[in-house]
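Visitor: Please find the sequence and the predicted model below.
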Amino acid sequence: MEKGRLTMKKFLALLLSLAVAMGASPAILAAEEQVQPLPTWAYGVLADGYAMGLFGDELYTDHGKTITDEQLNKMTQVVADKLALLGVEQREADDTGLVLDTTRGGVLNALYQEAAAYAFPGVEEGPEAFMTEVGAIAGDGTGLNLDRPCTLLEGAAMANSLILNLYDQQNAGSLGLLWKAEGNGNTLYLLGSIHTDVNNTYPIHKQLRDIILNAEQVTFELDFNDQAQIAEFAAMQTYADGTTLADHISPELYQVVVETAAQMGMDEQTIAQYKAWALANSFSSLATMDETTSSNAMAIDMYVNAKAVNAGIAIDAVETYAFQGGIFDGLSPEYQEVYLASGLLMILDPDSMSQQTKDALTAVLGEEAFEPATQEALQEEVAQIGAMMDTWKSRDVESFDQIYDKDAILNSDDELNSKLFTDRDPGMIAYADEYLKREGSHTGLLVVGAGHMVGETGVVQGLKDLGYTVEVVPAP
């Protein structure tokens, strides 16, 4: 693809280096955003339950309402899918006499039924005993109130606790690419993030959940809770000079964009406001999703942010939305057009694509774009996202390095590479250094794209070069 060379390799670089590239947006967290504030205890449920897809935004407005059959069915399906991944021996479950309805007892039975398909310790004792033993239900001092209607929040809490406690029991869950840096009496955990949600990312292992909750401060690439910055970034994504997308890309490519966006429910007037790089980010992010991506598609850094904010932990950021947005805004018009065409190529099916669409993409990307070898390579590189996530889940740093190959990215002549790493890794190293130099004894967590952690220019090696002890956190 000589004419335009932004292939999936560049997308993989973005996936592990820029939070804004994947459309990161603030989690709905704070009590003041609720129509009716959530009870204090509920904040411990939000991040994990939302990430696993047990509920959506409706929890924030309907949490006190009786759970519906549809909501309960969604929860039980998520529970079934997650428990099936544990590999626990199956058993013949006896569901005789189990009443499944929207009372607390009925919801308890429905969730228990999914666990009862496996030989978990104590499952043979029955719904009430088992669910109480694993911490999936608790009373209010007067009993379990199983005949009372079950609220959406109560059902979500039961399902969330059931999954997490059974995963903890089995020493299971995603471990994350995690290092521990120490110096001057301080500890800074380093979590390399992948800005997506694929390959059954959630639930997160208890070891990592505890590290998040025990941190005094969690630092990200961006402050996902700064509404002013987010508004500024939103403005950066649209044209403010009186022009539209049609003035910046070829008429043929513009038509492909409009047709593709229409399939996603966006009209031309809306789509024309956005810059090429902003649309390229959106289209490319769709390529990261798979059948395991929850309906909420919560990227790892967004999950950690939600977990930390809900626990009242201080949040900081290494960079700003304006800085990361400026990385894209500074790209040449030609590069942005290639980026946009590449994003479309990744999400459109070549076999069902019109000749007009093929011609438009070929004009930007070159004749090789639709050759079998190129298409096969693109599919292989899409599969690499899942492979990278598998290394993230198992904390296999060596295999991650082999798949990602940061050296190859740094050694290419792509105009974006220096903006992604060469110009940014030093700032992240400096931030970590300053944290570890603090007076007193502090424990923090730094969460940035995994691409920034690894390699000769990465945070891990940079801190070692400064004399700090940095080691991969042993898996439990």
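Guide: Ah, there it is.

Visitor: and stretch 254-265, which residues are buried?
Guide: Buried residues in stretch 254-265, counted by 16 or more other C-beta atoms under 10 Å: 254, 255, 256, 257, 258, 259, 260, 261. Glycine gets a C-beta too; all of them are placed from N, C-alpha and C.

Visitor: what's the closest of those residues to residue 61?
Guide: Distance to residue 61, by C-beta to C-beta, is smallest for residue 261 among the buried residues of stretch 254-265, at 28.9 Å.

Visitor: I'd like the distance between that closest one and residue 339.
Guide: To residue 339, residue 261 is 16 Å away according to C-beta to C-beta, to the nearest Å.

Visitor: do the same with residue 418
Guide: From residue 418 to residue 339 the distance is 16 Å (C-beta to C-beta).

Visitor: Of these two, which one has the most company?
Guide: Of the pair residue 418 and residue 339, residue 339 is the one with more neighbours under other C-beta atoms under 10 Å, namely 26 against 12.

Visitor: In which helix or strand does that one reside?
Guide: For residue 339, the host element (DSSP states H and E) is helix 333-347.

Visitor: which residues sit against that helix?
Guide: Contact with helix 333-347 is made by 4-8, 10-11, 248-250, 253, 256-257, 260, 275-277, 279-284, 286-287, 328, 331, 360-361, 364-365, 369, 378, 382, 415-416, as judged by C-beta atoms under 8 Å, 6 or more residues apart in numbering.

Visitor: Helix or strand next in line after it, which one?
Guide: Sequence-wise, the next helix or strand downstream of helix 333-347 (DSSP H and E) is helix 355-365.

Visitor: Just the buried residues of that next one, please?
Guide: Result for helix 355-365 [16+ other C-beta under 10 Å]: buried residues 357, 358, 360, 361, 362, 363, 364, 365.

Visitor: Stretch 330-343 too?
Guide: Neighbour counts over stretch 330-343 (16+ other C-beta under 10 Å) mark 331, 335, 336, 337, 338, 339, 340, 341, 342, 343 as buried.

Visitor: so which of those residues comes closest to residue 121?
Guide: When the buried residues of stretch 330-343 are compared for distance to residue 121 (C-beta to C-beta), residue 343 wins out at 48.1 Å.

Visitor: Tell me how many other residues crowd residue 467.
Guide: 9.

Visitor: would it count as being in a helix?
Guide: No: using DSSP: H, G, I helix; E, B strand; the rest coil, the secondary structure at residue 467 is coil, not a helix.

Visitor: Start at 349, not 1
Guide: In the new count, where the first residue is 349, that last one comes out as residue 815.

Visitor: got the contact list for it?
Guide: residue 531 are the contacts of residue 815 under C-beta under 8 Å, 6+ apart.

Visitor: Apply 10 Å and report the result again.
Guide: Applying C-beta atoms under 10 Å, 6 or more residues apart in numbering, we find residue 815 in contact with 531, 781, 784.

Visitor: how far away is the first one from residue 775?
Guide: Computed with C-beta to C-beta, the distance linking residue 531 and residue 775 is 19 Å.

Visitor: These two: who's more crowded?
Guide: Counted by other C-beta under 10 Å, residue 531 and residue 775 do not tie: residue 531 has more neighbours, with 18 against 13.

Visitor: Would you confirm that that one contacts residue 785?
Guide: Yes: contact status for residue 531 versus residue 785: in contact at 7.8 Å, counting by C-beta atoms under 10 Å.
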